[in-house]
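Enquirer: pasting the structure only:
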């Protein structure tokens, strides 16, 4: 990141936008003292000298508090401790006062947690809310929210926005980073756009319509958003098409209700629903990633048994998991090894690919998917999020599956790559692959899927296709409004 | 980064060498060699002669290093795999050697203290030791993989009990093997001047090299060590691979135990292979392998093992008493790990850059 | 006991267990196991277990281990490990022995020597682990090697200390009223503890308070729970780690002197394997090597449990030398498996 100016005023919500690798996280980490800056200065109100921020403690002392995308709390401590640790004067720990204070704040923010509860016993969303509660309570002048909404559902997001507006009134300056455009336009006053580590510009929200924002982020004028859906590519259901995969009464130990599901050859369908509604759990059950309790599974009309991922892989099913970092990449291994892994496992322990073969596969897919990497030997962890995702995609495409499950393939990656992936999905389907596509962004689903399975509270509540595939209809089905 | 490739290709080559995992162990080995060469060139003398039994024999300090470092090198192989797969270390290998050695003697002596003839063929004793050692390896592996106990803690159990179990196997007796052939494994085979333990170690290295080449052991182990959850979704069975690494270490333990008991034709439960687990772990660390698991380099570990043996022999040569040896070893280890610590390396390289830019300015001026 | 509580409170045991933090849950298990074991031994083996002195003897013998284990628990809670403690104890007792016997020094200085050695190890190891970010296992392994080697360099052979003042200190016994018992001849023998026990108890209480009621103490838990999060929450992670190793070193120094006071001699083979005993005690006491979970009171009971089982085995007539090793390992194994199962079940819900 170089030569970026950024100004935040009292009482404003300032969105920080940019693609992955644009330098948003770096900017934030410099502001909070996680990284050291090489050049430049940071000024705060009421200080005539540049502020010295060398560590998160320094930032905290200066009134800058931060909520990160990944939860940066300690799971082994209580909720109250997580809110108050490393704060306040004195060396002693007053449990009574701390718990009472914490309960008060939790209550005022409607967070359903007890002060004395161990943090690890809370759900992820509640943990995120606790992190926000901590930041809010710190009496900060600057609040940085780095993708705080990615693990919250719609209601919780609204609660958070209410809170943000409240703080704004109190004169707190808020830096808001998110990938969701809707959210930016809902609460922000200003937008600063970064690209490739450089400043593109700072804009009032009224002067920058969405299309322009996207264009600024990508650095080119772009109509691609509308172009993706090429109707000739979209699957039209024909009775003649055979069912590739079918599940009846499938249930796993991840807490979903039994569900039925099928997909036809060349079809793209999807699971939709709020976060935590059981979308991922359903596909995980199909792939055998969670322990399957009961249910009947058929592949091309033949009964099969899937109890672990390798069974599914042997049956030509591939699964790109939701959480890239935890379930997808193998960080220290090279791009090449990451690409060949699935096919290699399928081929067997005693039959490794030769180096030449592996390089051939890797180079082929690096070219095909336009993966930006120094070489096939680069460790995957040094690639950007979008390129990591492409590598994982390459891993499963190399397997040449009949049925490909993509769980949030576009999460946390830049818009350019998002579009590429959506296009790729449609292309693969037109070549006869069946694809299940899951995304938190409904318009992505609408653009790619011809049939949507709607979920609510870990239960399948409806199926939409054809003319029913509209934003409104999906929303009302998710909300259960039509009953 | 890609822009200045041509300019600093020389620097790249150097940083490439510096970054290579083999750099630290080889540099340490060369340093030790250089030190010895300066102090006393005769350190490297190798002479050929005949021993008391009239067999041809090579002798010299280098030969001693290769001979005595064998058990360590063999253990380093297994320890590297365990480290890579489980992200932890097995601290029970010394105790496990005592058990395996005890089993060999129990089988060969059939419960007698000093039988005139072997009660069973040597191979049977060895195979029994293999099975027992692999079972104990599996015990550790199950605790680590299926009960998710940290490896160091899980193997602490066998570390605590191992020597007691070893002594229990032979009812606290110290059996002696009188068959001269049994001594071949830890000494010399008539007609071959090279110490047998080294030959066994080389055999083990060849086997592991072949295994790594012709199976996916390396890829699977690293994948599991780096990201277990992800490996599982790619169809691997992380638990089994962890278990497998412990079983392979068990096999290494059995081979090392054969050499150990063959050297003296008997056993001392509380002394045999004492502290060898620490040396084996050090070998892995010296090889530049992260003790937290993941990527590994087998050659680097094996060279690491010989570096430690080299150091031991060097210290002996300077008349350091055996029991004071650890103090010197510790000093060298600390020096090595401090130099190879990423933090220190970063500081050094930024210092180097500053010096470089300083000279460049001078050139321009 | 648990039943009564739960019925009166109207909450089932299961719910109580779920609501408990990992640290408290493991602590309760440890304490229950210790009492069940000890009371069981009193009932079934009777004999010496019935005398209060039997219990006090455990304290007398294990005072040093209790102190050292406290330090180790601290490091383990922070997510590290310190295996140099046994070596430090040996070095301290050898150094003090040589100083008192050959150099005719006085006791105050010898205590300072013990503290200085512990402090030195703590400082160096803490710096290497915290600020140079070298794995604690390797650093303290080297520390152990160094301490063991130095011990023999200071003096090779074991010997007893004959320094008069020291012997007087060593033999000082603090009698406890009413707990004595009559021997076979009917003579009343008062119950006693050694000075080391007082030191150990003070340290247990001190460190319990440190971990429970100070911000520094909670910082240890935070760093052990998730180092990166702790950093983001504004905790000085490096300093916290440094302090944990520093304290462990100092406690090893104090433990070394207490050990020396109990045993009254210097020897290179002193405290062999003490680091493993300390780790085992901490684990039995509910400290987890993954960090973030543990309790000093638990560690105290861990030490007691470990030596009680040894006494039980010895009294049961299993006097072959291997039994002690095997039973202790079995006990460690049991605790590890039980811990692992409980935590796994708890996380499932």
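Expert: Thanks, I have it. Worth saying up front: this structure is predicted, and the values here are computed from it rather than measured.
Enquirer: For residue C:181, name its beta-bridge partners.
Expert: In this entry, residue C:181 is beta-bridged to residue C:189, by DSSP bridges.
Enquirer: tell me which element the residue nearest the centre of chain C is part of?
Expert: Compute the mean C-alpha point of chain C, and by C-alpha atoms, centre = their mean the closest residue is residue C:69, 2.4 Å away. Here residue C:69, judged by DSSP states H and E, is contained in helix C:52-77.
Enquirer: which element is residue B:85 on?
Expert: Using DSSP H and E, residue B:85 maps to helix B:70-86.
Enquirer: what do you get for residue C:231?
Expert: helix C:227-232.
Enquirer: and that helix, anywhere near chain A?
Expert: Yes - Helix C:227-232 is in contact with chain A by C-beta under 8 Å from any C-beta of the partner chain, via C:228-232. Where you see a C-beta, it was placed from the backbone N, CA and C, and this is true even at glycine.
Enquirer: which is the next helix or strand following the helix holding residue B:85?
Expert: Using DSSP H and E, the helix or strand that follows helix B:70-86 towards the C-terminus is helix B:93-109.
Enquirer: anything in that following helix near chain C?
Expert: No - contact of helix B:93-109 with chain C is not found when judged by C-beta under 8 Å from any C-beta; the minimum separation is 9.2 Å.
Enquirer: Packing partners of that helix?
Expert: The helices and strands touching helix B:93-109, judged by 3 or more C-beta pairs under 8 Å, 6 or more residues apart in numbering or on different chains; DSSP states H and E, are helix B:70-86, helix B:122-145, helix B:151-169, helix B:238-264, helix B:276-286.
Enquirer: Tell me which of the ones you listed sits nearest to residue B:224.
Expert: When the helices and strands packed on helix B:93-109 are compared by C-beta to C-beta, helix B:238-264 sits nearest residue B:224, at 4.5 Å.
Enquirer: and the closest residue to chain A within chain B, how many residues sit next to it?
Expert: Closest residue of chain B to chain A, C-beta to the nearest C-beta: residue B:235 (3.7 Å). Using other C-beta atoms under 10 Å in any protein chain shown, residue B:235 has 21 neighbouring residues.
Enquirer: Can I take it that it is in a helix?
Expert: No - using DSSP: H, G, I helix; E, B strand; the rest coil, the assignment for residue B:235 is coil, not a helix.
Enquirer: That one touches residue A:347, doesn't it?
Expert: No - Residue B:235 sits out of contact with residue A:347 when judged by C-beta atoms under 8 Å, with a separation of 10.5 Å.
Enquirer: burial count for residue C:265?
Expert: Residues within reach of residue C:265, counting by other C-beta under 10 Å, total 15.
Enquirer: Is any residue of the helix holding residue C:69 near chain A?
Expert: No - Helix C:52-77 lies apart from chain A when judged by C-beta under 8 Å from any C-beta; the minimum separation is 9.4 Å.
Enquirer: Which residues in that helix does the neighbour count mark as buried?
Expert: Across helix C:52-77, burial judged by 16 or more other C-beta atoms under 10 Å in any protein chain shown covers C:53-77.
Enquirer: do stretch B:100-113 as well
Expert: B:100-109.
Enquirer: Compute the first-to-last residue distance for stretch A:432-444.
Expert: End-to-end distance of stretch A:432-444: 21 Å, with C-alpha to C-alpha, to the nearest Å as the criterion.
Enquirer: List, one by one, the residues from chain A near chain B.
Expert: Taking C-beta under 8 Å from any C-beta as the contact definition, chain A meets chain B at A:287, A:289, A:308-310, A:313, A:319, A:321, A:326-333, A:337, A:341-342, A:344-346, A:348-350, A:352, A:374, A:395.
Enquirer: where does the chain have its least confident helix or strand?
Expert: Reading this off chain A. helix A:224-227 (a mean of 50; mean pLDDT, DSSP states H and E).
Enquirer: You answered for a different chain; I wanted chain B.
Expert: The weakest-scoring helix or strand in chain B, judged by mean pLDDT, DSSP H and E, is helix B:9-19 (a mean of 62).
Enquirer: Which neighbouring elements make contact with the helix or strand following that helix?
Expert: Next helix or strand after helix B:9-19 toward the C-terminus (DSSP H and E): helix B:23-39. The contact analysis (3+ C-beta pairs under 8 Å, 6+ apart) places helix B:23-39 against helix B:276-286, helix B:298-317, helix B:325-340.
Enquirer: Buried ones in helix B:23-39, by neighbour count?
Expert: Buried-residue list, helix B:23-39, by 16+ other C-beta under 10 Å: B:24-29, B:32, B:36.
Enquirer: just to revisit the earlier point, leaving out the residues flanking it, which one is nearest to the residue of chain B closest to chain A?
Expert: Excluding the flanking residues, the one nearest residue B:235 by C-beta to C-beta, 6 or more residues apart in numbering or on different chains is residue A:310, at 3.7 Å.
Enquirer: so what's that neighbour up against?
Expert: Residue A:310 sits next to A:345-346, B:235-237 when contact means C-beta atoms under 8 Å, 6 or more residues apart in numbering or on different chains.
Enquirer: Let me know the helix or strand that it is in.
Expert: Going by DSSP H and E, residue A:310 is in helix A:309-314.
Enquirer: Give me the contact list for the next helix or strand after that helix.
Expert: The helix or strand immediately downstream of helix A:309-314 is strand A:317-320, counting by DSSP H and E. Outside strand A:317-320, the residues that touch it by C-beta under 8 Å, 6+ apart are A:245, A:283-284, A:286-287, A:289, A:299, A:306, A:309, A:312, A:328, A:342, A:389, A:392-393, A:396-397, A:399, A:401-407, A:409, B:233.
Enquirer: before we move on, the earlier item: does the residue nearest to the centre of chain C touch residue C:282 like I think?
Expert: Yes - the criterion here is C-beta under 8 Å, and residue C:69 meets it with residue C:282 at 5.6 Å.
Enquirer: Find residues that contact each of those two.
Expert: Common contacts of residue C:69 and residue C:282, defined by C-beta under 8 Å, 6+ apart, comprise C:299, C:302.
Enquirer: Can you list phi and psi of residue 321 for me?
Expert: If you meant another chain, say so; for now it's chain A. phi -80, psi 170 (degrees, to the nearest 10).
Enquirer: try again with chain B
Expert: The phi/psi pair for residue B:321 (degrees, to the nearest 10) reads phi -70, psi 150.
Enquirer: and it, how many neighbours?
Expert: 12.
Enquirer: wait, isn't it in contact with residue C:157?
Expert: No - using C-beta under 8 Å as the test, residue B:321 is too far from residue C:157 to be in contact (11.9 Å).
Enquirer: Please parse the chain into its domains.
Expert: The chain I'm using is chain A. In the assignment given by automatic domain parsing, the structural domains of chain A cover A:13-222, A:227-479.
Enquirer: switch to chain B, that's the one I care about
Expert: Per the record, chain B has its domains at B:27-41+B:57-319, B:325-365, by automatic domain parsing.
Enquirer: out of these, deepest packed?
Expert: Ranked by mean neighbour count, those are led by domain B:27-41+B:57-319 with a mean of 21 (mean count of other C-beta atoms under 10 Å in any protein chain shown).
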